[in-house]
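Predicted model, plus sequence, below.
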Amino acid sequence: MLLNRRENYTMLPNKKRPLYKSFMLGLAILLVLLLSACGGGDKNPEDEGSGQTDEQIIATYEGGTVTETEFNAYIGTRKLLDQNYMYLEMMPDFQNMVLNQYIAESVLSKDVSEEVKEESKVQAEAAAKNMKESLEANAEQKTQVETFMKENGITFDDLENYVYTQYNLQSVLADKFTDADIKKKYEENLKTNLNAYTKATVRHVLVAFKDQQGKEIRTKEEALARANEAYEKLVATGDWDKLALEYSDDGNKDAGGIYEDVDVSQWVENFKNAALNQPLNEIGKPIETEYGYHVVVVEARSPKEFEEVKSTVKSQMINEYFLEYIENEVPKLITGEVNLPKVETPEAPGGTEAETEKTE
C-alpha cells in the first residue's frame, strides 16, 4: 500500500495535481538519485555553457545564451537520467518548459563559491568513475546506454557537466532557507492542515477487485462479502497474522497486514480517512477504495515532530522556490526571440498523440 513498494497495491495520492507541478515536485528526489549514480568524461565542467559563436543560438538571457547543441545535450541527458521525462514530453509546449528549467539551473548554479565549484567538480568526476565502472560490470546495460547516448547525440562529457551543474544547484538551493524559515513553514502547514504530518500504524486486510496485472478476480459484491467475512473473524479472534494471510491480497499479508509509522498522506482518500478518524484499536467495518475493500484497525496515530520532518519540509520549500523561479523569474531574464528546434510529437500512452507544439 506504500508508494515505494512494488509488490503491493499502491494507494496513490491525489491524482489531480498538474503534471508539470508534480514533475517539478520530484526534483529533490531526482537530484539525490542522479548525484550518486551518474557522470563521466574528461572535459572540464567549468567549460559548460561557454558555447561557440558559430553554433545556432536558440535563446538569449541576461548573462548567457543557449545553443542548440547545449539544449539537445541537456534534453538527451535528462532522458537518460530521468525516467519521468517521457511524460513531460507529452505536454503542450514542453520545450519551453525544459528551456526555462535549463536557464534556471544555469543561472542559479553559478551563484556558488570557488570552493563549492571545486567540490562539485571532484564529486562529478567521482560519479563519472562510478558510472563507468558500473557499466563495465554489465555488458548488456553498457550496450543499451551507449546506444541510447549515440541515438540522442550525448557523451559522457555531457553527463558529467549535467551532474556538475546539479551539485552546484543543490548547494545554492540548500542555502536558501534557515532553520527558522523551515520551522515557520512547518507551523504554517499545520495551521492549514492539522494532519499534514500525521503518522499512523495500521493493520489491514485487502480484498482486491483485480490482481496485479489488472485482471478482475472478483466482483464488488463478492469482494464485500469476503471482506465482511474477514471482518467478523477478526472481531471474534483478533488473529491478524492468520487472517491477513488467509484473506488479504496485499503484499504485506505475511506480516499480519501491518504498516508502521507511515505518513497517512501517502494513502488514497478513504484509507487515509480511516487511518485518521477511526477509533484506536477498534476494527472498522470494510471500507472501499479503488483497489478493493479493506478491513482496518488503527493501532497508533500521532503527529510527527518538527525534527522528524525537517528535511521533508525543506525539500518542499526548495521545490516551491525553484518552480516559482522557473515560472516567474526566468521569462523576465529571456531577451529577444526564442528559436526552439523542431521535434517529433511523441505518442502518449494508449496510442493517442500528445498535443505537443512544434516550434519553429
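Good, I have the coordinates. What you see is a predicted model; the values in this text were computed from it and never measured.

What's the mean pLDDT across stretch 166-181?
Stretch 166-181 shows a mean pLDDT of 95.

Just the strands from the stretch 151-300 of the chain, written as ranges.
198-208, 258-263, 287-289, 292-303 (DSSP state E, counting those that start in this stretch).

so where do the helices sit in the stretch 251-360 of the chain?
269-277, 306-324, 330-333 (DSSP state H, counting those that start in this stretch).

Point out where the protein drops to low pLDDT.
Along the chain, segments meeting pLDDT under 70 span 1-54, 343-360.

which of the strands of the stretch 151-300 of the chain is buried the deepest?
strand 198-208 (a mean of 23; mean count of other Cβ atoms under 10 Å). From N, CA and C alone the C-beta is placed, and that goes for glycine too.

looking at the helices of the stretch 251-360 of the chain, which is closest to Lys183?
helix 306-324 (6.0 Å; Cβ to Cβ).

between that closest one and strand 258-263, how big is the angle?
Relative orientation of helix 306-324 versus strand 258-263 (axes from the mean of the first three to the mean of the last three Cα atoms, to 10 degrees): 60 degrees.

which residues touch the residue lying closest to Asn339 once chain neighbours are set aside?
Leaving aside its chain neighbours, Asn339 sits nearest to Ile58 (4.9 Å; criterion: Cβ to Cβ, 6 or more residues apart in numbering). Counting by Cβ atoms under 8 Å, 6 or more residues apart in numbering, Ile58 makes contact with 66-68, 71, 99, 338-341.

from these, which would you call buried?
Using 16 or more other Cβ atoms under 10 Å as the burial test, the contacts of Ile58 include 66-67, 71, 99, 338, 340 as buried.

any idea how far Phe156 is from Glu55?
Separation of Phe156 from Glu55 (Cβ to Cβ, to the nearest Å) stands at 20 Å.

give the contact list for the residue lying closest to Phe306 once chain neighbours are set aside.
Nearest residue to Phe306, sequence neighbours excluded (Cβ to Cβ, 6+ apart): Tyr186, at 5.3 Å. Tyr186 is in contact with 197, 306, 309-310, 313, counting by Cβ under 8 Å, 6+ apart.

Strands of the stretch 1-150 of the chain, residue ranges please.
57-61, 64-67.

Redo the ones you listed as TSV? Include distance to Ser134.
Formatted as TSV, these follow (distance: least, Cβ to Cβ, whole Å):
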stretch	distance to Ser134
strand 57-61	33
strand 64-67	30
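
To Ala126, which of the helices of the stretch 251-360 of the chain lies closest?
helix 306-324 (23.4 Å).

counting contacts, what elements does that closest one pack onto?
If you count contacts as 3 or more Cβ pairs under 8 Å, 6 or more residues apart in numbering; DSSP states H and E, helix 306-324 packs onto helix 19-25, helix 27-35, helix 156-174, helix 179-192.

what angle sits between that helix and helix 179-192?
Relative orientation of helix 306-324 versus helix 179-192 (the same axes, to 10 degrees): 90 degrees.

Please spell out which residues along helix 306-324 are buried.
Those would be 309, 313-319, 322-323, for helix 306-324 by 16+ other Cβ under 10 Å.

and what of stretch 92-108?
Quick answer for stretch 92-108 (16+ other Cβ under 10 Å): 94-108.

These in helices, which ones?
94-108 (DSSP state H).

Tell me which other helices or strands the longest helix anywhere in the chain touches.
Looking across the chain with DSSP H, the single longest helix is helix 114-136. Judged by 3+ Cβ pairs under 8 Å, 6+ apart, helix 114-136 is in contact with helix 139-151, helix 156-174.

burial of the closest residue to Glu229 other than its chain neighbours, as a residue count?
Distance criterion Cβ to Cβ, 6+ apart; nearest residue to Glu229, sequence neighbours excluded, is Tyr247 at 7.5 Å. Residues contacting Tyr247 under the criterion other Cβ atoms under 10 Å number 21.

same deal with Glu119?
By the criterion of other Cβ under 10 Å, Glu119 has 15 neighbours.

which one is it nearest to, not counting chain neighbours?
Glu119 sits nearest to Tyr167 (Cβ to Cβ, 6+ apart), 7.5 Å away.

how about the one you found, what does it touch?
35, 119-120, 123-124.

and what of Thr219?
Neighbours of Thr219 in contact, by Cβ under 8 Å, 6+ apart: Phe209.

let's go with 10 Å and repeat that
209, 225 (Cβ atoms under 10 Å, 6 or more residues apart in numbering).

circling back to that earlier point, may I see the strands of the stretch 151-300 of the chain organised as a markdown table, with distance to Met149 added?
A markdown table is the format used below for these (distance: least, Cβ to Cβ, whole Å):
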| stretch | distance to Met149 |
| --- | --- |
| strand 198-208 | 41 |
| strand 258-263 | 38 |
| strand 287-289 | 42 |
| strand 292-303 | 43 |
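
between these, which one is nearest to Thr77?
Nearest to Thr77, of all those, is strand 258-263, at 32.0 Å by Cβ to Cβ.

Tell me which strands the closest one pairs with, and in which orientation.
Paired strands of strand 258-263, with direction, are strand 198-208 (antiparallel) (DSSP bridges).

Would you mind giving the orientation angle of the strand it pairs with with respect to helix 269-277?
Using the same axes, to 10 degrees: strand 198-208 against helix 269-277 is 140 degrees.

next one: strand 198-208 to chain centre, how far?
Relative to its chain's centre, strand 198-208 lies at 24 Å (Cα atoms, centre = their mean, to the nearest Å).
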